[in-house]
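In: using only what follows, build the 3D model:
(2 chains)
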There are 2 protein chains.
Amino acid sequence: MAIVVQKYGGTSVGNTKRLQNVAKRVVATSDRGNSVVVVVSALGDTTDELIRQAHAINAKPPEREFDVLLSTGEQMSSALLAMAIDALGHPAISFTGAQVGIMTDATHTKARIVEVRAKRIKEELDRGRIVIVAGFQGVTPDEDITTLGRGGSDTTAVALAAQLGADVCEVYTDVEGIFTADPRLVPKARKLAEVSYDEMLEMAATGARVLQLRSVEYARNNKVTLHVRSSFSDEDGTIVKEGDESMEQAIISGVTHDSGEAKVTILGVPDKPGVAASVFRVLADRTVNVDMIIQNVSEQGFTDISFTLAKEDLSRAKDAVADVVAQLGAKGASYDEDIAKVTLVGAGMRTHPGVAATMFEVLASNGINIEMISTSSIKISCVIAAEHVGTAVQALHEKFGLAGE
Amino acid sequence: MAIVVQKYGGTSVGNTKRLQNVAKRVVATSDRGNSVVVVVSALGDTTDELIRQAHAINAKPPEREFDVLLSTGEQMSSALLAMAIDALGHPAISFTGAQVGIMTDATHTKARIVEVRAKRIKEELDRGRIVIVAGFQGVTPDEDITTLGRGGSDTTAVALAAQLGADVCEVYTDVEGIFTADPRLVPKARKLAEVSYDEMLEMAATGARVLQLRSVEYARNNKVTLHVRSSFSDEDGTIVKEGDESMEQAIISGVTHDSGEAKVTILGVPDKPGVAASVFRVLADRTVNVDMIIQNVSEQGFTDISFTLAKEDLSRAKDAVADVVAQLGAKGASYDEDIAKVTLVGAGMRTHPGVAATMFEVLASNGINIEMISTSSIKISCVIAAEHVGTAVQALHEKFGLAGE
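Out: Residues are numbered from 1 along each chain as shown, chains lettered A, B, ... in the order given. Just a heads-up that it's a prediction; the model follows:
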């Protein structure tokens, strides 16, 4: 019997009617002869509401308690979905992350899964039940509740699919799949039938918000086939799997953008070995995730170090940067929140030189200044002023012919 | 160091300001040199809201899933209280029932505590932390979440107080303590300084809604001193403890009433051995709790059996009663929801004959017909028409001089 893992996001279960539709879809999947495990996010804006409540009580809530609070959202939706499936006459059973052994480290609010013990799930599947698992949460060896960060339910689903040897992990969301660009910016954007793990990783890392980055890594490392699709239609979405020759090898798969980052520059840092290490160790110790890092050439023994990070981490990072400036004897630091990152992603880039040059020309011809550049073998990112992001994405999508015929 | 267990009900933590007041009270208790364990109910009407959501999805939600859903209310409030205490600069840590080893049987929605493993609590108290425990919930040996029924947080608190050897279990509520009658019905009702476990048990069983019945049993069996008091004042409330000579030995401690029951009569039951057993076995198997039971004298080989039960159990009971009627060849069944039970409670009754006669005279002189009577050594209950409940309670309170001087 095939095992299917399905994950439903918060908008897919945003009200009673939607929850009942999800229940119907789950039961239909079971009726086609599959063993079904469902991972569910918190209903609608439950998580934001819980965060609001926490901050009304405590401006800096202890992260352990934050996790205890936030994990209730998925526990609620998992129980409600089990009830909705029961109402359709099919047996179902819900579990918290702790109950099904989603073991994590103790990094509260951003915990990493270290082990999955799916024994109880297998037992319940063998009894013919549909198993519902509360996403986004796990438990430490000390039995403390943890959460996996925004989008963590995706990772829960992939981790369970890997552990159970599922045939597919279907990720249901409010969009039709992965697009060549954000359809809100580029109306001609096209849905991709397939995309490789590597491309999906770069897209997720650079602004495609459909999947949590870590879930794609987890899928790639464990060869879990993902199917990203809409819970509001029966259309196929986008398959994310290992890249191979049979796959469409476009030079560029998509243009992504991210307006959620800020730029930090540490000015006049003495240029000597170990400086960069000490800067980013301090940030890492405060669990600030840094994205792009650029160090300019040294002038007279001093250099500037710039990096980008999520805007919500900026206030925490500022404390760390102040320490670093004092410690290294740097001249100071500057901050810019009005930036956007535009990225071209494509596995074909590896064998097609000149993509970077074309990208820079497109931006220049639209009067857009490039503030930072970062490349990998399958992506090129440019940081530009936030106001130009729409123009940049549209121009690049057009230039690289992503809309198709 | 003295250990104090405090339990706060839903209205005591009904909004942010109240939650912060509770945090202040908890910290003050700690600052007086006590180790403090706090048991908290769900905020305000969270539980009712969750029940509403469940019923919108499924008219008869599976009880296991109901418990998964409902237990989130207390998990939320425990985390929020920990945050509020942290905001006052005192370390605090919250736990679910499962995390602190509140082990129960598997009777979902009405589980019984079978064991308490408080190891983790002791460790955290030793570290100087205030420990917050989500009330109302436990966990089975199979790791399924259970809830303890309405008022179950009281039992959580008493069970922890017993296990930890606490000096006192303070139960904070929205009333000042235990009164000689419901002050809404009897404005002259007087707060009792002390009451024995036995009297409190009868009062809780017959309508005083301040404490869950089971929590009083648990306190009596484990000699836990309870202090029932208001979270909105610093006044002493009512101490519930073992009765002894030093205690005020009033003949009557209070008049309670309960309008939440319904009466069921099974008519024309063949009068032979085992009939009552089979009736109440069927009800027990459907976890319908029966209160008073009366079997009238047999006429020509047939008898009537009447009993009372909580109104919310009536629809479930009707199914069972229909089975019983068919099975026993009884003539039929009648149901009455417009009843009330009025009860006199007092340890002094044991040594003062004539209390029952006086009670019946008071009711008769007010034109109130008695439908059922039930007695124990320290209480007399009469079932009357619901419309007379106010008159009956006021007249009895007056006749037995409960208002004091």
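In: for the rest of this, base every contact and every neighbour count on C-alpha atoms.
Out: Noted.
In: which parts of chain A sit against chain B?
Out: Counting by Cα under 8 Å from any Cα of the partner chain, the residues of chain A close to chain B are A:16, A:20, A:53-54, A:56-59, A:61-62, A:65-66, A:68-69, A:72, A:75-76, A:79-80, A:82-84, A:86-87, A:93-94, A:99, A:143-144.
In: filter those down to just the ones in helices.
Out: Mapping the residues of chain A next to chain B onto helices (DSSP state H) picks out A:16, A:20, A:53-54, A:56-57, A:65-66, A:68-69, A:72, A:75-76, A:79-80, A:82-84, A:86-87.
In: selection in ChimeraX covering whichever of the residues of chain A next to chain B are buried, please.
Out: Buried subset of those, written as a ChimeraX selection, criterion 16 or more other Cα atoms under 10 Å in any protein chain shown:
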select /A:16,20,53,54,56,57,58,61,62,65,66,68,69,72,75,76,79,80,82,83,84,86,87,93,94,99,143,144
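In: which residue ranges of the stretch 201-350 of chain A form helices?
Out: A:213-222, A:275-285, A:314-328 (DSSP state H, counting those that start in this stretch).
In: hey, least reliable of these by pLDDT?
Out: Note on these: lowest mean pLDDT is at helix A:275-285, with a mean of 83.
In: my guess is residue A:253 contacts residue A:189. True?
Out: No: assessed by Cα atoms under 8 Å, residue A:253 is found out of contact with residue A:189, at 11.0 Å.
In: let me know the pLDDT of residue A:203.
Out: Per the predicted model, pLDDT is 91 at residue A:203.
In: just residue A:111 next, same as before
Out: Note for residue A:111: predicted pLDDT of 95.
In: could you do residue A:247 as well?
Out: 56.
In: and what of the one 5 residues further on?
Out: At residue A:252, the model reports a pLDDT of 89.
In: can you count the residues close to it?
Out: For residue A:252, the count of nearby residues is 22 (other Cα atoms under 10 Å in any protein chain shown).
In: now do it against residue B:269, distance only.
Out: Using Cα to Cα, to the nearest Å, we find residue A:252 at a distance of 84 Å from residue B:269.
In: can you check residue A:119 too?
Out: 51 Å.
In: same deal with residue A:81?
Out: Distance of residue A:81 to residue B:269, given as Cα to Cα: 45 Å.
In: ditto for residue A:123
Out: Distance, residue A:123 to residue B:269, by Cα to Cα: 47 Å.
In: quick one, which of the two is more surrounded?
Out: Set residue A:123 next to residue B:269 and count neighbours by other Cα under 10 Å: residue B:269 wins out with 22 against 12.
In: now do the contacts for the residue lying closest to residue A:347 once chain neighbours are set aside.
Out: In space, and not counting its chain neighbours, residue A:347 is closest to residue A:378: 5.1 Å by Cα to Cα, 6 or more residues apart in numbering or on different chains. Counting by Cα atoms under 8 Å, 6 or more residues apart in numbering or on different chains, residue A:378 touches A:198-199, A:202, A:345-350.
In: for residue A:167, give me the pLDDT.
Out: 94.
In: same thing with residue A:340?
Out: 96.
In: how about residue A:290?
Out: Looking at residue A:290, its pLDDT reads 85.
In: buried residues in stretch A:349-363, which are they?
Out: Neighbour-count burial for stretch A:349-363 flags A:349, A:355-356, A:359-360, A:362-363 (criterion: 16+ other Cα under 10 Å).
In: pick out whichever of these sits closest to residue A:392.
Out: Checking these against residue A:392 with Cα to Cα, the nearest one is residue A:363 at 6.3 Å.
In: need the contact list for that closest one.
Out: Neighbouring residues of residue A:363 by Cα under 8 Å, 6+ apart: A:369-370, A:392, A:395.
In: can you tell me the element it falls in?
Out: Using DSSP states H and E, the element containing residue A:363 is helix A:355-365.
In: just the angle for the helix or strand that comes right after that helix relative to helix A:355-365, thanks.
Out: Downstream of helix A:355-365, the first helix or strand assigned by DSSP H and E is strand A:372-376. Between the axes of strand A:372-376 and helix A:355-365, defined by axes from the mean of the first three to the mean of the last three Cα atoms, to 10 degrees, the angle is 160 degrees.
In: with just CA atoms, put strand A:372-376 into PDB.
Out: The C-alpha trace of strand A:372-376 is given here as PDB (Å, rounded to 0.1, in the frame of the first residue of the first chain):
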ATOM      1  CA  MET A 372      25.600  43.800  -3.800                       C
ATOM      2  CA  ILE A 373      26.100  40.700  -5.900                       C
ATOM      3  CA  SER A 374      26.300  37.100  -4.900                       C
ATOM      4  CA  THR A 375      26.500  34.100  -7.100                       C
ATOM      5  CA  SER A 376      26.400  30.300  -6.900                       C
END
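In: what does that strand contact?
Out: Contacts with strand A:372-376, where a contact means Cα under 8 Å, 6+ apart, come from A:292, A:294, A:380-384.
In: contacting residues around the helix or strand that it is followed by?
Out: Per DSSP H and E, the first helix or strand lying C-terminal to strand A:372-376 is strand A:379-385. By Cα under 8 Å, 6+ apart, the residues outside strand A:379-385 that reach it are A:202, A:206, A:338-346, A:349, A:356, A:368-375.
In: out of those, which end up buried?
Out: For those, buried by 16+ other Cα under 10 Å: A:202, A:206, A:339-346, A:349, A:356, A:368, A:372-373.
In: and the residues you listed, which two are furthest apart?
Out: A:339 and A:349 (25.3 Å).
In: any idea how far residue A:16 is from residue A:77?
Out: Counting by Cα to Cα, the separation of residue A:16 from residue A:77 is 10 Å.
In: all set now, cheers.
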